[in-house]
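> Here is my input, please return the structure:
(chains A and B)
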Amino acid sequence: MNQNSPSAGWKSVVLRYETLLLAVLVVEWFFFYHYGTTVNRKGVVVGFGTLDRQFDILRHSCEIGLLALALTPVILTAGIDLSVGSLLGLCAIIFGKLWREGGLELPLAAVLTLLAGALAGGLNAGLITRLRLPPLIVTLGTYSLFRGLAEALTHGAVTYTDFPAEFLFFGQERWLGLPTQAWLFLLAAIAVWVLVHRTTFGRSFRAIGFSPEGARYAGLPVGHRTGLVYVLAGLIAALAALIYTARLGQAKADAGTGYELFAITAVVLGGTSIFGGRGSVSGTLLGVAAIAVLKNGLACLPVVIRMNAAEEMSGMFTGALLLLALAGSILPNILSTLRLRPQAG
Amino acid sequence: MRHETAAPLLTLAGIKKSYGAVRALQGVDFELRAGEVHALLGENGAGKSTLINVITGARTPDAGTMTLAGRPLGELTPAVTRALGIACVHQQPALFADLTVAENIGLRLEGGGPWRWVDWRRRGQEAEQLLRRVGADFPANRTVRELSMPEQQLVEIACVLGSGARIIIMDEPTASLTHREQARLFTVVRELRAAGTGVIYISHRLEEIFSLADRVTVLRDGESVGTQAVRDITEAGLIKLMVGREVAQLYPPAESAPGETVLELKGVGCRRAGVRDVSFAVRAGEIFGLAGLVGAGRTELARTLFGLTPADAGEIFLQGARIHPRSASEAVALGVAYVPEDRRRHGVVLEMPIAHNVTMAIHPRVFPGAWLRFGAEEGLACQAIRDLAVKCSGPDAPGSSLSGGNQQKVSLARWLATKPKLLILDEPTQGVDVGAKSEIHRIIRRLAKEGLAVIMISSDLPEVLGMSDRIGVMRGGTLSAILPGGSDPHTVMAAALGQAK
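Alright, predicted model coming up:
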């Protein structure tokens, strides 16, 4: 929030929410590094501490990370988009169908898929800004609509596979030492960061999030800007679909099921207010990382492996982390109230 | 009639209160007697709101003592002060919009737990009685949502009356009332005084204070600078106390002859907004006042010109070219600026810093290519703060940290930054203290001199008469008369009430 006053001093940097979240992330990482790394019987190091595992975490977070990036501007405008996970599935199917059944070249199919994603986002945008329907209801509808379309297009059975190696490169190989999709994710993150923090678009998103009426009276194009965040969300969801397909080497209708909730969790954990206006892209990235490390780290803990309960544990701990973060964000208020009490009598 | 010798009902001594680095109150002494109307005066930001919050227990003072009828008071909470018989009519009515008037009054006044039996007939009758006492002419079974702002204000006053409080605080109760409602309110206040109630009365309208109050205490910069009997002080003396200097002339004179026509309306109407057949022209350098009663369609006309409710009849010409703004952003691009009446909801985005608010309407110009330039923005904000003398901690201060008058200045700064051709001001000085008011008047006059066409909507009759070069009077959604500046108030009122013909 303070990006325009670089001289605000070290206190405002250290006491920022993002810094706190970064500290949590570091503690989390070292905890799992210490307890989650073991040497197996053959004398090979396995578990959390290996480079392979770290890259695996990165690979697995890219799609949810992209959806979280897509949702950050949406939530800044005090909106919500529940349809991004379903749209990921629909776009994966559209991509597979265009390539396999349409006989298109992969790059062309990819571009058309991105367009389809933007178009689907445009449907959300139109319903929300033209018909003035609440985003929660609209995207709850398209959440079912997009998933249903994906299933109808494949009759719930077809899975597209056998993609050529040039395409799988984007999901399974490394480029300049890092998983290829991490570079795409980085690019998307920079683009969204610039949009939100360095342009008048981001400024308008916040104004709309704080006070849509106030923004309208200031002559801001509220409808246009609100629509834009949903179109952008659709576009990014389509990109996530491509990366998802490249990682698994297959496009199927249930791709990305439930991802929207992970993405929303990451955004909120990253300090973006669900009521709009406040939040940052760096917070969202930290939120994504905190959840990804937690999820993967737990799967490496011997005790969790023995219990065979990685999924359940990660769900529980993610939830607990989110609640803690929400409690933490009101902590300063509580503290200042407590500080003032004794002088009152 | 006046209880000059009455023992003090409420005494405050050395009250101090700080919010962080801002020292809102720095040693306030105040005394309220039973059976007196004690006016509290001060510029915006002088500490009136904080003082009220201390008295009602909403805020705990950092230092100082409070005594009620001779008994020292400990720590106060709103519940405790209510039990002690202190009630407050707030500026903004805080009622449940979906409940009826009777239900709202019942919720405030009836005791008992959640499982008590509600006697609906009695509740209704009591509410009706209270409404009659405050002179309301709507029934108690109306839903609050259907009521106008002044009517809701009357419900608030009814609640306070019904509570039988011995200390009643009224925070600008007449801000939105019509003359008839005002007169009725004054009668109620005088009845309360006769019954021995202590009334703390806050208003910026000096003529109200002179006709109603017994004593007046002036706050300046968080300190009480003096308490005097109203009959011992003149209007000029009071203003001097408030601003700490003489305000030489309340309304700056017109200095320039109007230039060419900037805005021309021919039969403009908007069915949705209830505006019909409005025709007039405003020239460069001219201040065109819009007078009329609340609900006469003045704000609605402004919203139509600003594209918020686009016109569906007639023609609008701006500098000779026909325009038809369909949204506020279109209107801004055309050179129309509108400083809205409700500054907290529409004028500024409270959560955002002053700098962001100031540049909000000029994104394309300050930020070419949509690229934010923080240095340029801060420069603009600092300049606006200096030019309009905004009292704040800096361009990063959020709008919510400013007093009403300073929020208004930020709102004005935003629209001046657009370098508009036509400036529409909607109640530019409502709820603004005398000092800031004359500052705003000088700014408006300066803008007109610089060649801007100004439309000024105001319910403050002296303001309209003193500032306007010509006065348009609206009634029932249309323009009922255009009068020359300096017309006498009776002619304007007659036109507003429809007695001209």
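> for residue 104, what are its contacts?
In the absence of a named chain, chain A is used. A:98, A:112 (CB atoms under 8 Å, 6 or more residues apart in numbering or on different chains). Glycine gets a C-beta too; all of them are placed from N, C-alpha and C.
> meant chain B, my bad for not saying
Under the criterion of CB under 8 Å, 6+ apart, the neighbours of residue B:104 are B:95-96, B:144, B:155, B:159.
> out of those residues, which one sits closest to residue A:236?
residue B:96 (42.2 Å; CB to CB).
> rewinding a little: report the buried members of the contacts of residue B:104.
B:95, B:144, B:155, B:159 (16 or more other CB atoms under 10 Å in any protein chain shown).
> Distance of the nearest residue to the third one once chain neighbours are set aside relative to residue B:343?
Right, residue B:155. Distance criterion CB to CB, 6 or more residues apart in numbering or on different chains; nearest residue to residue B:155, sequence neighbours excluded, is residue B:101 at 5.5 Å. According to CB to CB, to the nearest Å, residue B:101 and residue B:343 sit 28 Å apart.
> that older thread, now for the residue nearest to residue B:155: which residues touch it?
B:127, B:131, B:138-144, B:147, B:155.
> The same query, at a cut-off of 6 Å, please.
By CB atoms under 6 Å, 6 or more residues apart in numbering or on different chains, residue B:101 lies in contact with B:127, B:140, B:142, B:155.
> Next to chain A, which bits of the stretch 51-200 of chain B? Give me the list.
Within the stretch 51-200 of chain B, the positions adjacent to chain A are B:60, B:75 by CB under 6 Å from any CB of the partner chain.
> and with 7 Å instead?
B:60, B:62, B:75 (CB under 7 Å from any CB of the partner chain).
> tell me which element the first one is part of?
Right, the one you point to is residue B:60. According to DSSP states H and E, residue B:60 maps onto no helix or strand at all.
> Per-residue pLDDT of it, please?
Here the pLDDT value assigned to residue B:60 is 89.
> right, and it touches residue B:75 too?
Yes - Residue B:60 is within contact range of residue B:75, at 6.4 Å (criterion: CB atoms under 7 Å).
> Which residue of the two possesses the greater neighbour count?
residue B:60 (16 against 11; other CB atoms under 10 Å in any protein chain shown).
> quick one, phi psi at the closest residue to chain A within chain B?
Residue of chain B nearest chain A, by CB to the nearest CB: residue B:332 (3.4 Å). Main-chain dihedrals, residue B:332, degrees, to the nearest 10: phi -60, psi -40.
> how about it, what does it touch?
Contact analysis of residue B:332 by CB atoms under 7 Å, 6 or more residues apart in numbering or on different chains lists A:219, B:361, B:418.
> repeat that for 10 Å
Taking CB atoms under 10 Å, 6 or more residues apart in numbering or on different chains, we find residue B:332 in contact with A:218-221, B:306-307, B:325, B:338, B:361-364, B:415, B:418, B:420.
> And for residue B:67?
B:8-13, B:31, B:73.
> Quick check: what element follows the helix or strand containing residue A:90 along the chain?
Counting by DSSP H and E, the element that carries residue A:90 is helix A:84-100. Counting by DSSP H and E, the next helix or strand C-terminal to helix A:84-100 is helix A:106-129.
> For the nearest residue to residue A:110 once chain neighbours are set aside, give me the pLDDT.
Using CB to CB, 6+ apart and skipping residues adjacent in sequence, the residue nearest residue A:110 is residue A:242, 5.7 Å away. Residue A:242 is assigned 97 on the pLDDT scale.
> do residue B:376 as well
On the pLDDT scale, residue B:376 is placed at 95.
> Then residue A:344?
34.
> Same question for residue A:339.
For residue A:339, pLDDT reads 53.
> So what does residue A:36 have for phi and psi?
phi -100, psi 0.
> For it, list the residues it contacts.
A:29, A:46-49, A:53, A:296-302, A:304-305.
> And these, which is closest to residue B:368?
residue A:29 (42.4 Å).
> As a check, name the ranges of all strands in chain A.
Along chain A, the segments classed as strands by DSSP state E run A:37-39, A:45-47, A:174-175, A:178-179.
> Report the contact partners of residue 185.
Assuming you mean chain A. Residue A:185 is in contact with A:58-59, A:61-63, A:65-66, A:69, A:178-179, A:239-240, A:243, A:285, A:288, counting by CB under 10 Å, 6+ apart.
> nope, chain B please
Per CB under 10 Å, 6+ apart, neighbours of residue B:185: B:89, B:134-135, B:153-154, B:157, B:170, B:173-174, B:177, B:208, B:212.
> switch the cut-off to 8 Å
Residue B:185 touches B:134-135, B:157, B:173-174, B:177, counting by CB under 8 Å, 6+ apart.
> related to what we said a few turns ago, kindly present the contacts of residue B:101 as TSV, with separate columns for pLDDT.
Putting the contacts of residue B:101 into TSV (pLDDT from 0 to 100) gives the following:
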residue	pLDDT
B:127	93
B:140	91
B:142	92
B:155	90
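> In those, find the pair that's most separated.
Going by CB to CB, the pair spanning the contacts of residue B:101 furthest: B:127 and B:142, at 10.3 Å.
> Which of those two has more residues huddled nearby?
Neighbours were counted for residue B:127 and for residue B:142 using other CB under 10 Å; residue B:127 has more, 25 against 16.
> doesn't residue B:102 make contact with the more buried one?
Yes - the pair formed by residue B:127 and residue B:102 meets the contact definition of CB atoms under 8 Å, at 3.8 Å.
> just the helices in the stretch 101-250 of chain B please.
B:101-109, B:120-133, B:149-162, B:179-194, B:206-212, B:235-243 (DSSP state H, counting those that start in this stretch).
> Correction: the previous question concerned the stretch 201-345 of chain A.
A:212-217, A:222-248, A:259-269, A:281-300, A:302-307, A:310-344.
> still on that earlier bit, go through the contacts of residue B:185 and say which is closest to residue B:17.
Looking across the contacts of residue B:185 and measuring by CB to CB, the closest to residue B:17 is residue B:173, at 23.9 Å.
> Once you drop chain neighbours, what's closest to the closest one?
Using CB to CB, 6+ apart, the closest residue to residue B:173 is residue B:89 (5.4 Å).
> ok, now how distant is that neighbour from residue A:90?
57 Å.
> more neighbours, those two?
More crowded of residue B:89 and residue A:90, by other CB under 10 Å: residue A:90, with 32 against 23.
> Wait, that one touches residue A:146, no?
Yes - using CB under 8 Å as the test, residue A:90 is close enough to residue A:146 to be in contact (4.4 Å).
> Mutual contacts of these two, please.
In contact with both residue A:90 and residue A:146: residue A:120, using CB under 8 Å, 6+ apart.
> So residue B:329 belongs to a helix, correct?
Yes - when DSSP: H, G, I helix; E, B strand; the rest coil is applied, residue B:329 is found to be in a helix.
> quick one: contacts for it?
Counted by CB under 8 Å, 6+ apart, residue B:329 has contacts A:219-221, B:307.
> same deal with residue B:221?
B:26, B:46-47 are the contacts of residue B:221 under CB under 8 Å, 6+ apart.
> do residue B:233 as well
residue B:216.
> Grab the nearest non-local neighbour of the residue nearest in space to the middle of chain B.
By CA atoms, centre = their mean, the mean C-alpha position of chain B lies nearest to residue B:431, the distance being 3.1 Å. The shortest distance from residue B:431 to any non-neighbouring residue, by CB to CB, 6+ apart, is to residue B:404 (5.2 Å).
> Quickly note the distance from that neighbour to residue B:222.
16 Å.
> Next: residue B:271.
50 Å.
> Look at those two and report which has more neighbours.
More crowded of residue B:271 and residue B:222, by other CB under 10 Å: residue B:222, with 22 against 12.
> thought the more buried one was touching residue B:15?
No - counting by CB under 8 Å, residue B:222 stays clear of residue B:15, with 9.5 Å between them.
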